[in-house]
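Asker: I'd like to go over a predicted model; first the sequence, then the structure.
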Amino acid sequence: MKHANDGQGEHFPVHIARILNNPHSEPSPRQMARLKTARAEAMRRFEQRAAENVSLQEKIWTWAQRHTLLLKRGSAALGFAVITGAGLMLVEGLMAESDAVDATVLSQDMPLDSLLEPHFSRVLHE
């Protein structure tokens, strides 16, 4: 039976994947036989392909795919490091500013009542 989400030409693989992923439905003996046959055929094609010499174009293509992927991952890691560094610099700047305010407050001889005034922090920034 074809499922509504199956695309054109994807019926059999999607149907088999759905059966195998469903813990309550076991594949029928006919389906198991077809799976074993398909696996044996895939292994035969793989071994045949592995025995062939790889062309220079395929070697270059494989190399480019691997290194392009590494370049993408490296760029993502570098971007993450830059964002993290900028965040740390911002946090450090905010901490330094609060430390400066604390040092200013502690270095002056002010009565405790003046610290509780509503506009006290404005006077420190001026």
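Answerer: Happy to help now that I have it. Numbering: from 1, shown residues only.
Asker: what is the mean pLDDT for stretch 107-116?
Answerer: The pLDDT scores in stretch 107-116 average 70.
Asker: next: stretch 15-26.
Answerer: 75.
Asker: what of stretch 91-102?
Answerer: Computed over stretch 91-102, the mean pLDDT rounds to 76.
Asker: go on, stretch 51-61?
Answerer: Stretch 51-61 comes out with an average pLDDT of 85.
Asker: output stretch 15-26 as CSV, restricted to C-alpha atoms.
Answerer: Written as CSV, here are the backbone C-alpha positions of stretch 15-26 (Å, rounded to 0.1, in the frame of the first residue of the first chain):
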residue,chain,number,x,y,z
HIS,A,15,7.7,1.4,2.6
ILE,A,16,10.5,-1.0,3.8
ALA,A,17,12.0,1.7,6.1
ARG,A,18,8.5,2.3,7.6
ILE,A,19,8.1,-1.4,8.2
LEU,A,20,11.5,-1.8,9.8
ASN,A,21,11.1,1.3,11.9
ASN,A,22,7.8,0.2,13.3
PRO,A,23,8.4,-2.0,16.4
HIS,A,24,4.9,-3.5,16.2
SER,A,25,5.0,-4.8,12.6
GLU,A,26,7.4,-7.5,11.6
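Asker: can you start the count at 8 instead of 1 from here on
Answerer: Right, with 8 as the first residue, what we last looked at is stretch 22-33.
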